[in-house]
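> predicted model and sequence below, questions to follow.
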Amino acid sequence: MTIISLPMKDPVYHEWEKFLSTGNPYTCKARQQIIESWARCYHEGIDPYDDNIHHWLDDLSLSEVLKRKEKLIEAAKPFMSRLYEFFKGSGFIVVLTDENGCILAMVCDEDTRQNPMTKYFYPGVSWKEETVGTNAIGTVIKLREPLQVSGAEHYCKKIHAFSCSAASIYDCDGQITGVLNISYAFHASHLHALGIVTVIADAVTAQLSMSQKNCEIALINKRMASLKNTVSDGVLIVDNHEAVIEINPAGRAMLGKPEQHIIGTELRQLFDGKSGEILTSSKSYHQVEIIVDAHGGSRHFAASREPVFNEQDVLAGGIIVLRPIKQLKHMAQRSSGDAAVLQFNDIIGESFQIREAVHVATRAANTAANVLLTGESGTGKEIFAQAIHNHSDRHNGPFVAVNCGAIPRELIGSELFGYDEGAFTGAKRGGKPGKFELASGGTLFFDEIGDMPPEQQTALLRVIQERKVTRIGSDKIIPIDIRLICATNKNLLEEVNKGTFRLDLYYRLHVLSILIPPLRERREDIQLLFDHFLERVSRAQGCTFAVQSEVMTYLHRYYWPGNVRELQNVVEHAACLAEDKVISVELLPEVLYAQSSLMKIAVPQVNEVIFTREQRQKMAGFAERNRIIAKLDAFAGNVSRAAKELGISRNTLYKKMRLYAIKN
């Protein structure tokens with residue numbers, strides 16, 4: 001197993017750093033259980049940067065604990081072995097602890113056992129919250145409820161590389177007697193790990209209390225009711241005839257049917273066509289896409305199944321878990337880093353130009369209108385895009401970024417629209433959702449929109465108008481709900497004049513336009529930005545830097561063709577070379593103090609676009625038509641509200657709708 005710690009890709013990492021620097025839990029944006037645990041660890045004085053293991057039982061003490069917990073180990077080991085077989089070869093570690101968080105047993109692959117990081121999982125090591133900070137095992141003991149802790153949610157940095165899912169095992173008196181835990185690499189997150197470990201922990205609990213039947217029944221009913229009613233996944237339990245014998249509330253909501261119409265019904269009767277064939281397979285499967293026709297249209301789910309066998313090892317049915325595709329997208333984005341983590345307060349600057357841009361962007365965030373961000377490379381357009389998303393009512397939805405200039409022309413169609421299985425040679429089994437689908441319910445950010453090929457511009461225009469997509473190789477229409485933010489460093493009107501960009505698409509995107517000023521036009525922000533980047537480098541290197549006064553003179557005189565990104569690179573460059581931790585002029589890149597570069601570089605000229613009178617009239621018509629469409633879209637077709645917002649009467653608006661052939 002290769003464990004790679006990538007905390008900077010974890011959006012919680014920023015909140016973790018912020019908490020450690022202030023100790024104030026009220027400013028952090030993390031789950032409540034995690035924030036409360038961080039606060040406990042902070043007050044306990046736990047060192048979050050300590051890599052050592054301080055609480056490890058000696059052989060004598062460990063043997064005494066193992067003897068005391070013999071019944072627990074005996075009951076849990078068969079389940080741990082079955083659980084290991086389920087995850088075998090994937091680098092997962094199955095761990096059993098006592099009620100104090102002391103590891104009693106662990107099961108994993110041999111190559112995982114050889115990994116240095118697994119030193120934290122050997123028998124005798126304590127995982128109490130008071131010793132290693134926030135973690136699934138120790139915090140579950142505190143909370144008495146199942147919990148998953150991922151990446152930087154752990155209080156101690158040494159275990160940021162892991163995601164852990166744990167659930168308590170109870171004795172017949174309802175007291176915690178142990179904890180079952182699954183640990184795995186942060187980047188290898190498993191959708192159903194917490195649900196699986198909870199069910200297995202319940203099974204161990206039941207096994208322990210087998211001799212006291214009444215206690216067993218009470219515990220299982222209580223835990224299963226809690227599990228069924230709280231998990232957001234749909235859970236269906238079927239017998240050996242593929243008839244549903246149990247379903248949780250989330251599953252009923254997904255199918256859009258009352259319980260009496262589901263219990264006792266075979267899967268083929270509940271699910272039509274291909275979906276029914278997939279679900280009735282007696283073999284295990286994982287994250288297979290199915291489509292359910294329910295009230296309100298078709299819905300897409302990822303289905304996983306595990307067969308259930310009786311004591312004679314004869315198939316007795318199965319457990320099927322359904323999860324909406326939208327939730328899977330959220331998890332994928334969280335693990336991959338494709339998420340919006342930046343806010344407006346991450347935009348550094350006090351100049352009028354940047355404050356005005358932030359003001360307009362803040363207003364834009366409170367609308368549903370499309371936004372066009374313009375500015376030179378390196379000015380921070382994506383920061384604005386993320387901030388607008390996080391400040392909008394879509395902040396809980398996905399943020400999907402697409403660089404139009406980085407995708408090969410022949411692949412951009414499948415990237416945007418996705419494809420069905422068998423659509424072309426090399427297509428993935430089960431197909432693949434496109435960026436439009438992935439962004440549904442949130443924001444789709446097109447960077448370098450000016451580089452989008454003309455044929456895809458036409459397709460994008462159609463999607464904006466219809467709010468529907470069809471995957472390549474499919475005829476099934478998928479409704480989407482997205483907010484578009486686009487960015488460009490080009491003069492799009494000039495591209496329109498050249499014939500490389502559609503005028504009607506330009507006006508669709510140009511509902512709200514925000515110009516991000518170049519750094520040379522806000523020189524009063526150079527000092528602030530320099531200090532900000534230097535502080536970040538200082539924190540990363542664990543030291544402080546002195547800066548010669550002449551350095552700022554050169555920085556203020558330089559032209560900054562690469563804008564804020566170039567300034568950041570200059571700071572990092574100088575800090576790396578500063579052996580004595582003093583940043584001097586000599587450490588700056590040569591281009592900054594070469595006389596030829598000081599305010600003598602030619603200013604890039606924005607190409608002026610000249611239109612004929614007829615073109616200007618046509619453009620004005622397009623502009624007015626698109627403003628009307630945008631307002632009608634914003635108010636869900638309400639003509640009165642749209643007219644009021646446009647400052648015209650309803651009759652005038654109806655006339656213009658007829659003039660421009662706008663259907664409401």
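Perfect, thanks for sending it.
> please enumerate the helices of the stretch 251-400 of the chain.
Per DSSP state H, counting those that start in this stretch, the stretch 251-400 of the chain carries helices over the ranges 267-270, 273-279, 325-336, 352-365, 381-391.
> can I get these in CSV with mean neighbour count, distance to residue 248 and mean pLDDT?
All C-beta spots, glycine's among them, are computed from the backbone N, C-alpha and C. As requested, the helices of the stretch 251-400 of the chain are exported to CSV (neighbours: other C-beta atoms under 10 Å; distance: least, C-beta to C-beta, whole Å; pLDDT from 0 to 100):
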stretch, mean neighbour count, distance to residue 248, mean pLDDT
helix 267-270, 17, 15, 84
helix 273-279, 16, 16, 71
helix 325-336, 17, 15, 51
helix 352-365, 17, 37, 91
helix 381-391, 23, 32, 94
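> out of these, nearest to residue 544?
Set against residue 544 and scored by C-beta to C-beta, the helices of the stretch 251-400 of the chain come closest in helix 381-391, at 26.1 Å.
> counting contacts, what elements does the closest one pack onto?
Under the contact criterion of 3 or more C-beta pairs under 8 Å, 6 or more residues apart in numbering; DSSP states H and E, helix 381-391 touches helix 352-365, strand 371-374, strand 399-403, strand 442-447, strand 482-488.
> what would those look like in TSV with distance to residue 662?
What follows is those, written out as TSV (distance: least, C-beta to C-beta, whole Å):
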stretch	distance to residue 662
helix 352-365	24
strand 371-374	22
strand 399-403	29
strand 442-447	24
strand 482-488	20
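> ok so, going back, out of the helices of the stretch 251-400 of the chain, nearest to residue 112?
Within the helices of the stretch 251-400 of the chain, the stretch nearest residue 112 is helix 325-336; the backing value is 19.5 Å (C-beta to C-beta).
> tell me which of the helices of the stretch 251-400 of the chain lies nearest to residue 49.
helix 325-336 (24.1 Å).
> okay, now residue 160: neighbour count?
Residues lying near residue 160 (other C-beta atoms under 10 Å) number 22.
> for the one 5 residues further on, same thing?
Residues contacting residue 165 under the criterion other C-beta under 10 Å number 26.
> show me the strands in the stretch 551-664 of the chain, by range?
Applying DSSP state E, counting those that start in this stretch to the stretch 551-664 of the chain gives strands spanning 582-583.
> what bits of it have low per-residue confidence?
Along the stretch 551-664 of the chain, the parts satisfying pLDDT under 70 run over 593-623, 664.
> re the thing from before, of all the helices and strands packed on helix 381-391, which one is nearest residue 320?
strand 442-447 (27.9 Å).
> mind giving me the domain split of the protein?
The record, using automatic domain parsing to delimit domains, assigns the chain the ranges 7-222, 231-330, 340-515, 519-597, 613-659.
> could you work out the end-to-end span of the third one for me?
It stands for domain 340-515. Using C-alpha to C-alpha, to the nearest Å, one end of domain 340-515 lies 20 Å from the other.
> now that domain: how far from the chain's centre is it?
In this view, domain 340-515 has its centroid 17 Å away from the chain centroid, taken as C-alpha atoms, centre = their mean, to the nearest Å.
> the last one now?
For domain 613-659, the distance from its own C-alpha centre to the chain's C-alpha centre is 37 Å (C-alpha atoms, centre = their mean).
> which strand in the chain has the most residues?
strand 297-309 (DSSP state E).
> any idea how far the spatially closest residue to residue 47 that is not a sequence neighbour lies from residue 102?
Once flanking residues are discounted, residue 47 sits nearest to residue 156: 7.8 Å by C-beta to C-beta, 6 or more residues apart in numbering. Distance of residue 156 to residue 102, computed by C-beta to C-beta, to the nearest Å: 17 Å.
> show me where pLDDT drops low in the stretch 151-300 of the chain?
For the stretch 151-300 of the chain (pLDDT under 70), the answer is 188, 211-220, 224, 227-228, 273-274, 293-298.
> what about the strands in it?
Taking DSSP E, counting those that start in this stretch as the test, the strands found in the stretch 151-300 of the chain are 162-170, 176-185, 234-239, 244-247, 285-294, 297-309.
> buried sites along the longest one?
So that's strand 297-309. Of the residues in strand 297-309, 299-306 count as buried by neighbour count, 16 or more other C-beta atoms under 10 Å.
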